[in-house]
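Undergrad: Provided below are the primary sequence and the corresponding predicted coordinates.
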Amino acid sequence: MANQEPDVFYESVQKYFDIAAAHTGLPEGLLAQIKVCNAVYRMHFPVQIGNEVKVIEAYRVQHSHHRSPTKGGIRYSNHVNQEEVMALATLMTYKCAIVDVPFGGAKGGVKINPWEYTPQQLEKITRRYTTELIRLNLIGPGIDVPAPDYGTGPREMSWIYDTYRSIHVDDINAAGCVTGKPENQNGIRGRTEATGRGVFYGIREACSFADDMKKLGLTVGTQGKTMVVQGLGNVGSYSASIGQDEGGMVLVGVSEVEGAIYKKSGIDIHDLLKFRKETGSILKYPGAKSFPKERRREVLEFECDILIPAALENQIDKENAPRIKAKIIAEAANGPVTAEAQTILVEGGHMIIPDLYLNAGGVTVSYFEWLKNLSHMRFGRMDKRFNQQTNTNIINLVEELTGKKATEEQRRVIARGADEIDLVRSGLEETMIVAYHQIREIKMRKRSIKDLRTAAFVSAINKIASDYGSLGIWP
Ligand code: GLU
């Protein structure tokens with residue numbers, strides 16, 4: 001069993017910070033201010049469920065006010081506790097800094113098992129929690145902007161938006177109070193896949209450096225690389241399907257709550273998702289070896305090039321770390337590797353692509369959604385037709401000058417103007433590429449920095465420190 005003690009996660013995050021902070025040369029007081037959680041709110045509120053009144057425990061932590069609004073998802077899980085939410089909020093601050101998303105970090109948590117409630121009951125709990133946030137001035141497009149996380153999705157975000165809007169009737173920016181909303185309710189195309197898509201772009205970038213791949217004994221590029229994915233929720237399933245469809249990666253193992261499967265020759269992710277929908281389980285997937293629930297963690301230790309933990313924190317600890325065979329551990333989840341495990345893995349020559357960079361695609365597209373909400377206009381609306389016409393003019397001119405005709409298909413591909421989804425994907429791709437290069441550059445520049453996580457923390461801390469400007473970083 002993974003180490004589930006609540007404070008292991010928060011301690012790991014703080015430890016990573018301290019290791020990186022030592023490389024920055026920044027004043028101690030400033031580092032202390034960057035490190036602490038600025039505000040921690042715990043609330044209890046009653047909700048009537050059937051004939052019973054249930055007291056619900058919930059949190060909102062705003063880790064850093066160096067930028068406004070603060071930003072981060074809301075988690076619904078029985079394991080929610082104060083330190084878990086603090087750890088997640090802390091990671092949000094660094095995550096936003098790494099990908100240049102101008103928010104402070106925050107996170108919310110409601111201590112419930114969402115699968116035990118009906119949609120009506122969940123709506124009641126979500127609206128009540130939102131009312132609490134409104135009452136305490138903890139939500140608003142310029143204050144703090146929640147989003148989905150484990151156990152929540154577009155449906156919950158639409159309830160939050162509706163609750164906020166019904167109270168702030170004169171706020172024309174109300175839609176920007178929460179992101180990850182359904183597309184037809186002021187959401188943005190591509191938000192649901194964003195974290196998984198970002199995970200793929202991050203892996204692809206990491207695999208594009210010949211020197212780094214050589215050290216790991218791997219070839220350059222993602223094509224043909226085997227992957228094991230832990231968790232088939234939103235992030236895991238999109239990481240796997242985009243990795244397979246766009247990167248030519250081969251899924252060989254999957255672990256879920258009901259157990260795990262492994263198939264050396266490869267599992268088609270779309271087929272597996274369909275199979276799970278029909279049978280309610282991944283077990284007994286044709287041609288794959290099945291492992292019961294109690295042995296599901298073993299799949300993390302199986303032979304593969306890239307291990308993608310996409311479930312919860314503390315999954316790789318000092319106990320199973322020495323047995324991990326994957327050359328690359330791609331942290332799609334938040335905090336899947338404990339600090340002790342990280343030391344073992346780095347010393348063992350594995351590459352860890354850290355969570356605070358790798359899963360930042362979600363908040364990146366949340367940022368695009370928030371901008372869309374504040375601008376009250378869909379991306380692409382102003383320029384799509386104009387670009388299409390310009391491109392058509394260019395094709396016509398080339399045809400005229402060369403005397404050759406483009407095919408209908410060539411015309412369609414070249415002349416097309418960008419839709420919202422094209423712009424979101426290209427903005428996300430650019431963001432993930434630029435951030436990876438910044439992190440790798442820090443690692444290459446400082447020989448004493450041995451891993452990408454420390455480099456990512458250094459990148460984040462330096463950016464936040466420069467935002468604090470007046471707080472003593474001047475000579
Ligand atoms: N919950 C997601 C995360 O951990 C998304 C946060 C957001 O979009 O604000 O990054």
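TA: All right, it came through fine.
Undergrad: what kind of secondary structure is whichever residue of the stretch 101-250 of the chain sits closest to the ligand in?
TA: Nearest to the ligand in the stretch 101-250 of the chain, going by Cβ to the nearest ligand atom, is residue 147, at a distance of 3.2 Å. Quick note: C-beta positions are derived from backbone N, CA and C, even for glycine. Following DSSP: H, G, I helix; E, B strand; the rest coil, residue 147 is assigned to strand.
Undergrad: how many other residues sit next to it?
TA: Neighbourhood size, residue 147 [other Cβ atoms under 10 Å]: 27.
Undergrad: And residue 325, by the same measure?
TA: 13.
Undergrad: Could you measure from it over to the ligand?
TA: The gap separating residue 325 from the ligand is 28 Å, by Cβ to the nearest ligand atom, to the nearest Å.
Undergrad: which residues touch that residue?
TA: Each residue near residue 325 by Cβ atoms under 8 Å, 6 or more residues apart in numbering is listed here: 301-304.
Undergrad: Tell me the one among those residues nearest to the ligand.
TA: Using Cβ to the nearest ligand atom, residue 304 is the member of those that sits closest to the ligand, with 24.6 Å.
Undergrad: near the ligand, which residues of the stretch 101-250 of the chain?
TA: Counting by Cβ under 6 Å from any ligand atom, the positions of the stretch 101-250 of the chain adjacent to the ligand are 147, 149, 179.
Undergrad: how does it look with 8 Å?
TA: Contact residues, the stretch 101-250 of the chain versus the ligand (Cβ under 8 Å from any ligand atom): 103, 107, 145-150, 179-180, 195.
Undergrad: Can you say which of those are buried?
TA: 103, 107, 145-150, 179-180, 195 (16 or more other Cβ atoms under 10 Å).
Undergrad: Tell me how far residue 377 lies from residue 326.
TA: Per Cβ to Cβ, to the nearest Å, residue 377 is found 44 Å from residue 326.
Undergrad: If you could redo that for residue 78, that was the one I meant.
TA: Here residue 78 is placed at a distance of 29 Å from residue 326 (Cβ to Cβ).
Undergrad: More neighbours: which of those two?
TA: Neighbours were counted for residue 78 and for residue 326 using other Cβ under 10 Å; residue 326 has more, 25 against 12.
Undergrad: Then that one would be within a helix, right?
TA: No: counting by three-state DSSP, residue 326 falls outside a helix, being coil.
Undergrad: if I read this right, it contacts residue 309, doesn't it?
TA: No: assessed by Cβ atoms under 8 Å, residue 326 is found out of contact with residue 309, at 10.0 Å.
Undergrad: Tell me the residue of the stretch 251-400 of the chain that sits nearest the ligand?
TA: residue 366 (3.2 Å).
Undergrad: Three-state assignment for the nearest residue to that residue once chain neighbours are set aside, please.
TA: Closest residue to residue 366 apart from its sequence neighbours, by Cβ to Cβ, 6 or more residues apart in numbering: residue 179 at 3.8 Å. Following three-state DSSP, we place residue 179 in the coil state.
Undergrad: Looking at the chain, what residue ends up closest to the ligand?
TA: residue 73 (2.6 Å).
Undergrad: and that residue, what does it touch?
TA: Contact analysis of residue 73 by Cβ under 8 Å, 6+ apart lists 88, 107-108, 146-150, 152, 180, 362.
Undergrad: please redo it, this time with the cut-off set to 6 Å
TA: Contacts for residue 73 (Cβ atoms under 6 Å, 6 or more residues apart in numbering) come out as 147-149.
Undergrad: Residue 169 belongs to a helix?
TA: No: under three-state DSSP, residue 169 sits outside any helix and is assigned coil.
Undergrad: Now it, what are its backbone angles?
TA: Here is the backbone geometry of residue 169 (degrees, to the nearest 10): phi -60, psi -30.
Undergrad: That one - how many residues pack around it?
TA: Neighbour tally, residue 169, other Cβ under 10 Å: 7.
Undergrad: Equivalent analysis for residue 116, please.
TA: Taking other Cβ under 10 Å as the criterion, the count of residues near residue 116 is 10.
Undergrad: so who does residue 114 touch?
TA: By Cβ under 6 Å, 6+ apart, the contact set of residue 114 is 76, 151.
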